[in-house]
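Peer 1: Task: produce atomic coordinates for the following.
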Amino acid sequence: DGTIKHVIARAEHFYDDKGSHLRSLGMHQDITTQVLIENELHSTQMHYTDFINHSTDAISYWKMPPGLTLTLPLEVQVDMIYKSICIDCNKATWENYGFKRKEDIVGKRLIDLVKIQSMDTQFKKFIKNNYRIQDLESVVTVKDKKPVYTLASWWGAVKDGVLTHLWARTSNITKRKMAEIELEQHRDHLEELVKQRTGELRQSEQRFRGVFDQIVQPMVVLTPDGKLLTVNAAALGHGNIDESDVIGKPFVKMPWLSQSQDFQQSLKQNISLVLNGKSTSMESTYTLHDGTIKVFDIDMSPVYNDRNEVIYVVVAGKDITEGKKLTADLQKAKELAEGANRAKSDFLANMSHELRTPLNSIIGFSQMLQEEYYGKLNEKQKEYVSDILASGEHLLELINDILDLSKVEAGKMELVLSDFNIVTLLTIILIMIK
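Peer 2: Predicted coordinates:
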């Protein structure tokens with residue numbers, strides 16, 4: 001039927017005494033199944049060999065020295081493992097450790113090939129763990145070459161209480177370890193920078209706090225949601241409170257602020273304006289812890305970040321109590337002065353009437369005597385009458401001048417420019433001097 005069979009053929013020949021061939025006996029044995037199994041095993045072995053040879057992990061097979069029994073002391077077992085001989089290895093084994101070919105490793109003892117950091121300790125762990133160990137980090141040095149960081153797993157083959165062979169798989173993690181070391185160095189450097197920067201920030205904060213607390217005006221800093229972020233000593237002193245009692249709490253509820261509905265509404269509106277980028281001010285009356293009533297002018301200003309967003313609100317209070325009192329005193333003094341001025345004006349108006357009435361009579365009769373309506377006057381009488389008339393007119397002018405000064409003070413006098421006779425003016429002055 002065309003089926004191919006694998007067979008083993010055997011033949012037996014028989015001869016007589018003279019050496020002549022008598023007959024032959026032939027036998028055929030069907031070994032098809034055995035051949036197929038052997039081919040499959042060979043194929044599988046080739047696949048595994050190809051897989052191992054293409055693995056990036058170093059895979060090696062080691063033969064232990066004879067007599068490595070499990071009952072031997074740890075130090076003796078470790079020494080014997082050092083003397084194990086490499087039977088086979090894949091390509092990654094010699095490449096990872098800097099060898100040029102497979103023959104540089106196969107047939108050599110472990111102790112003659114590499115030096116492994118803390119190897120005694122690692123082999124003891126391997127022995128104590130029933131000849132199994134996984135993912136053990138090591139530093140392997142091959143002769144004068146640079147150290148290689150590895151991640152190793154070992155499996156021991158034990159037969160009748162004797163360790164005969166050892167399988168080893170190691171991954172070259174040098175790049176990863178170097179990256180980790182570099183990362184660790186960077187982290188240490190960053191931690192040092194952070195430590196340094198933290199110290200600088202702490203010093204800066206201490207300087208700011210020192211200056212902040214030296215400001216005599218009460219000042220607080222608010223978060224955008226209106227809660228107290230920090231407060232200076234002056235503000236705490238006005239309220240006779242501790243910083244821990246107010247930090248993180250709404251500013252509008254501070255004990256030194258008025259809790260009246262009108263003030264609270266005005267305060268919230270002003271804070272809202274500042275959060276929109278506008279500086280504002282408002283006036284408020286505070287009652288201090290000792291009952292003293294103070295009047296403060298409250299200024300509120302925004303603080304921006306580099307994105308021009310309001311991140312803080314600075315509130316500064318200026319004590320204007322004395323200023324308000326001085327303003328009230330000045331207003332009272334002004335009112336008193338205005339009353340005195342009005343009294344003066346009334347006095348001058350009354351006095352001008354009281355003085356002008358008799359003065360007009362004196363001037364009128366002096367003019368009539370000077371005109372000699374009532375008879376002739378001698379020279380001496382004429383001189384006296386002229387002096388009386390001149391003095392009366394001069395007195396009238398003085399009264400008018402006083403009234404004019406009142407008009408000037410009241411802002412009702414208008415300046416009129418005109419020509420005059422200086423000789424006449426000087427004559428009048430001389431008469432007054434006499």
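Peer 1: C-alpha from now on. contacts and neighbour counts both.
Peer 2: Will do.
Peer 1: Let's verify Val158: helix, strand, or coil?
Peer 2: Look at Val158: counting by DSSP: H, G, I helix; E, B strand; the rest coil, its state is strand.
Peer 1: Tell me the bridge partners for it.
Peer 2: The bridge-partner assignment for Val158, based on DSSP bridges, gives Leu163.
Peer 1: Quickly note the distance from it to Thr170.
Peer 2: With distances taken as Cα to Cα, to the nearest Å, Val158 is found 21 Å from Thr170.
Peer 1: got it, and Arg356?
Peer 2: Computed as Cα to Cα, the Arg356 to Thr170 distance reads 133 Å.
Peer 1: Comparing those two, which residue is more hemmed in?
Peer 2: Thr170 (24 against 17; other Cα atoms under 10 Å).
Peer 1: Could you tell me the backbone phi and psi angles at the closest residue to that one other than its chain neighbours?
Peer 2: On the basis of Cα to Cα, 6 or more residues apart in numbering, the spatially nearest residue to Thr170 that is not a chain neighbour turns out to be Ala152, at 4.2 Å. Ala152 has phi and psi values of phi -110, psi 150 when expressed as degrees, to the nearest 10.
Peer 1: what number of residues lie near Asn240?
Peer 2: Here the number of neighbours of Asn240 (other Cα under 10 Å) works out to 15.
Peer 1: For burial, what's the neighbour tally of the nearest residue to Gln214 once chain neighbours are set aside?
Peer 2: Spatial nearest neighbour of Gln214, chain neighbours left out: Ala233 (7.6 Å); criterion: Cα to Cα, 6+ apart. Applying other Cα under 10 Å, we find 23 residues neighbouring Ala233.
Peer 1: Where do the strands of the chain begin and end?
Peer 2: With DSSP state E as the criterion, the chain has strands at 7-15, 21-30, 58-63, 85-89, 115-116, 132-141, 148-159, 162-172, 219-222, 228-231, 280-287, 293-304, 310-319.
Peer 1: a markdown table please, covering those strands and showing distance to Leu273 and mean pLDDT.
Peer 2: Below are the strands of the chain laid out as a markdown table (distance: least, Cα to Cα, whole Å; pLDDT from 0 to 100):
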| stretch | distance to Leu273 | mean pLDDT |
| --- | --- | --- |
| strand 7-15 | 104 | 85 |
| strand 21-30 | 104 | 83 |
| strand 58-63 | 72 | 91 |
| strand 85-89 | 79 | 92 |
| strand 115-116 | 72 | 76 |
| strand 132-141 | 64 | 85 |
| strand 148-159 | 64 | 89 |
| strand 162-172 | 65 | 90 |
| strand 219-222 | 14 | 86 |
| strand 228-231 | 17 | 85 |
| strand 280-287 | 7 | 80 |
| strand 293-304 | 9 | 86 |
| strand 310-319 | 11 | 86 |
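Peer 1: could I get those as TSV with distance to Asn270?
Peer 2: Output for the strands of the chain, formatted as TSV (distance: least, Cα to Cα, whole Å):
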stretch	distance to Asn270
strand 7-15	107
strand 21-30	107
strand 58-63	74
strand 85-89	82
strand 115-116	74
strand 132-141	66
strand 148-159	66
strand 162-172	67
strand 219-222	13
strand 228-231	16
strand 280-287	6
strand 293-304	8
strand 310-319	11
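Peer 1: The closest residue to Cys86 other than its chain neighbours pairs with what?
Peer 2: Using Cα to Cα, 6+ apart and skipping the chain neighbours, the partner closest in space to Cys86 is Trp62 (4.4 Å). Beta bridges link Trp62 to Cys86, Leu166 when assigned by DSSP bridges.
Peer 1: Kindly report the same for Arg23.
Peer 2: Under the criterion DSSP bridges, Arg23 forms beta bridges with Phe14.
Peer 1: List the contacts of the residue nearest to Cys86.
Peer 2: By Cα atoms under 8 Å, 6 or more residues apart in numbering, the contact list for Trp62 reads Ser84, Ile85, Cys86, Ile87, Asp88, His165, Leu166, Trp167, Ala168.
Peer 1: returning to that earlier point: tell me which residues touch the residue nearest to Gln214, please.
Peer 2: Taking Cα under 8 Å, 6+ apart, one finds Phe212, Asp213, Gln214, Pro218 in contact with Ala233.
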